[in-house]
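Peer 1: how does the following fold in three dimensions:
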Amino acid sequence: MSASSSSANTQLDEAASLKRPVSEMLSDTFVPFDHSSRIITPYDDETKRDAEFFAIVLEFHAWSTARPAHEHDKAADILEREIKNIRETEQEQGRSYPLLTPPTATASRLVGRRIAASHPFGALTW
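Peer 2: Reported below is the predicted structural model:
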């Protein structure tokens, strides 16, 4: 019984401490609310993080948009050089006649790729 009576006394002491006079409660000073560290700083940090993420997204978008145009131009230049080399080789071998000789299989393939690369949906069907 001593354990139960001591816990009952503790509960009574706690209840008595909760019933403080109103004047005493009003005279207590409260800990000041630090709005800067609790609200402003976290909001500023989140805003900075969002701005950095947005900048990364814009940079990636710019890179991904410019890349196909650059690669297309580069591939077109390479194909044109290959076609020129094939034509020069055919002329050296005496197999090239203006507008009379059908192109070789390699030349046809390269011309086909060039045409496919120059059209927006051509690369999808190649």
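
Peer 1: remind me what the lengthiest helix in the chain packs against, helices and strands.
Peer 2: Counting by DSSP state H, the longest helix found in the chain is helix 41-93. If contacts are counted by 3 or more CB pairs under 8 Å, 6 or more residues apart in numbering; DSSP states H and E, helix 41-93 sits against helix 105-118. Using the backbone N, CA and C atoms, a C-beta is placed for each residue, glycine as well.

Peer 1: state the mean pLDDT of the helix it packs on.
Peer 2: Helix 105-118 shows a mean pLDDT of 60.

Peer 1: check stretch 38-56 too.
Peer 2: On average, stretch 38-56 scores 94.

Peer 1: same question, stretch 59-71
Peer 2: pLDDT averaged over stretch 59-71 gives 83.

Peer 1: and that stretch, what's buried?
Peer 2: By neighbour count on 16 or more other CB atoms under 10 Å, the buried set for stretch 59-71 is empty.

Peer 1: need the contact partners of that stretch.
Peer 2: Outside stretch 59-71, no residue is within contact range by CB atoms under 8 Å, 6 or more residues apart in numbering.

Peer 1: okay, it in CSV with CA atoms only?
Peer 2: Output in CSV follows, covering the C-alpha atoms of stretch 59-71 (Å, rounded to 0.1, in the frame of the first residue of the first chain):
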residue,chain,number,x,y,z
GLU,A,59,20.3,24.7,-67.7
PHE,A,60,19.5,21.1,-68.4
HIS,A,61,16.6,22.1,-70.7
ALA,A,62,18.9,24.5,-72.6
TRP,A,63,21.5,21.8,-73.0
SER,A,64,19.0,19.2,-74.1
THR,A,65,17.3,21.5,-76.6
ALA,A,66,20.6,22.7,-78.2
ARG,A,67,22.2,19.2,-78.3
PRO,A,68,20.1,17.7,-81.2
ALA,A,69,20.6,20.7,-83.4
HIS,A,70,24.4,20.6,-82.9
GLU,A,71,24.5,16.8,-83.4
